[in-house]
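Enquirer: Next input, structure requested:
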Amino acid sequence: MAAAGCLGGSGGAASSSELEMPFAAGPGFNVLVFTRTAGFRHDSISDGVAAIRALGDRAGFEVDWTEDATAFTDENLSRYTAVIFLSTTGDILAGDEERVFERFVRAGHGYVGIHAAADTEYGWPWYGGLVGAYFRIHPEIQPAIVLVEDPSHPSTAVLPVAWPRTDEWYDFQTNPRGSASILLTLDEASYAGGTMGEDHPIAWYHAYDGGRAWYTAGGHTSESFEEPLFLHHLLGGILYAAGVEPWPDGQEPLPGSGSD
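Expert: Model (predicted):
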């Protein structure tokens, strides 16, 4: 089935003409943005969809959007190279739909998780491995310093080593280091309320069960999707998940590398 909905225009998101591209446009591909929520609903979701559409216009990929879980069929997902979970929350897929998405990733496709994608599907261990870590708690929205740990990845290549920005800063139930390659961490001395200490990852990627997974904890605020640096970060993650950019550190996924 086709994607269930669309959002017209670019809203408050930075226009594609304002975004200088550090990457050559790759071959065309299709992504599905999934925004279903069964818990907290982020006001920034519509801004995120508009921003991803603008990125697609600029970088040469097509974007569909849906909140309909019945879009998760083998036939429909075969149209896409990657699926983006944009601030999804709660239990959003039924068992058959979960199996479809597992097959999609195992076939070599990509997953992008943005912000509350980590506050999603706590009862589905396979998804927990895919996203890398589940959300635990957050303090109030405030400025902080984001530290680039891996500047070689397409999602961090244009970021400053110390990146000041304002967002809602997640703490996670577990630290994904060791199971995922860490891209960004938080300097907990730069803001109030962090509880993970000196090693506080907030963006990472990994090969998982035959596919590619990339996650960023940023994107709670609508303003995030107006920030050129955050948009570069997001674009690099989408390109990685779609397999457009070279595999960082030779980490091309191998079939069966994840967990069931």
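
Enquirer: quick one: low-confidence parts of this protein?
Expert: Within the chain, the segments meeting pLDDT under 70 span 1-27, 245-260.

Enquirer: Go ahead and report the secondary structure state at the residue nearest the centre of the chain.
Expert: Residue closest to the average C-alpha location in the chain (CA atoms, centre = their mean): residue 113, at 2.8 Å. Put simply, residue 113 is strand when judged by DSSP: H, G, I helix; E, B strand; the rest coil.

Enquirer: element containing the nearest residue to it once chain neighbours are set aside, please.
Expert: For residue 113, ignoring the flanking residues on the chain, the nearest one in space by CB to CB, 6 or more residues apart in numbering is residue 215 at 4.0 Å. From N, CA and C alone the C-beta is placed, and that goes for glycine too. Taking DSSP states H and E as the criterion, residue 215 maps to strand 211-216.

Enquirer: give me every residue that touches residue 180.
Expert: Counting by CB atoms under 8 Å, 6 or more residues apart in numbering, residue 180 touches 132, 201, 204, 205, 206, 213, 215.

Enquirer: May I see these organised as TSV, with neighbour count added?
Expert: Formatted as TSV, these follow (neighbours: other CB atoms under 10 Å):
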residue	neighbour count
132	27
201	23
204	27
205	31
206	21
213	26
215	27
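
Enquirer: Pick out the most distant pair among these.
Expert: 201 and 213 (13.8 Å; CB to CB).

Enquirer: picking up where we left off before, what's the residue nearest to the centre of the chain in contact with, if anything?
Expert: Contact partners of residue 113, counting by CB under 8 Å, 6+ apart, are 84, 85, 130, 131, 132, 213, 214, 215, 216.

Enquirer: All the helices of the stretch 151-260 of the chain, in order from the start?
Expert: Assigned by DSSP state H, counting those that start in this stretch, the stretch 151-260 of the chain shows helices spanning 228-242.

Enquirer: sorry, back to before: give me the contacts around the strand holding residue 215.
Expert: Here strand 211-216 makes contact (CB under 8 Å, 6+ apart) with 82, 104-115, 117-118, 130-132, 155, 180, 184, 202-207, 233-234, 237-238, 240-241, 243, 253, 258.

Enquirer: again, only this time at 7 Å
Expert: For strand 211-216, contacts defined as CB atoms under 7 Å, 6 or more residues apart in numbering pick out 105-106, 108-114, 117-118, 130-132, 155, 203-206, 233-234, 237, 240-241, 243, 253.

Enquirer: where's that strand relative to the chain centroid, distance-wise?
Expert: Centre-to-centre, strand 211-216 and its host chain are 7 Å apart (CA atoms, centre = their mean, to the nearest Å).

Enquirer: Using CSV, write out every CA atom in it.
Expert: Extracted C-alpha coordinates of strand 211-216, given in CSV (Å, rounded to 0.1, in the frame of the first residue of the first chain):
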residue,chain,number,x,y,z
GLY,A,211,21.0,-3.9,7.7
ARG,A,212,22.2,-0.4,8.8
ALA,A,213,21.0,1.5,11.8
TRP,A,214,21.6,5.2,12.8
TYR,A,215,20.2,7.0,15.8
THR,A,216,20.3,10.6,17.1
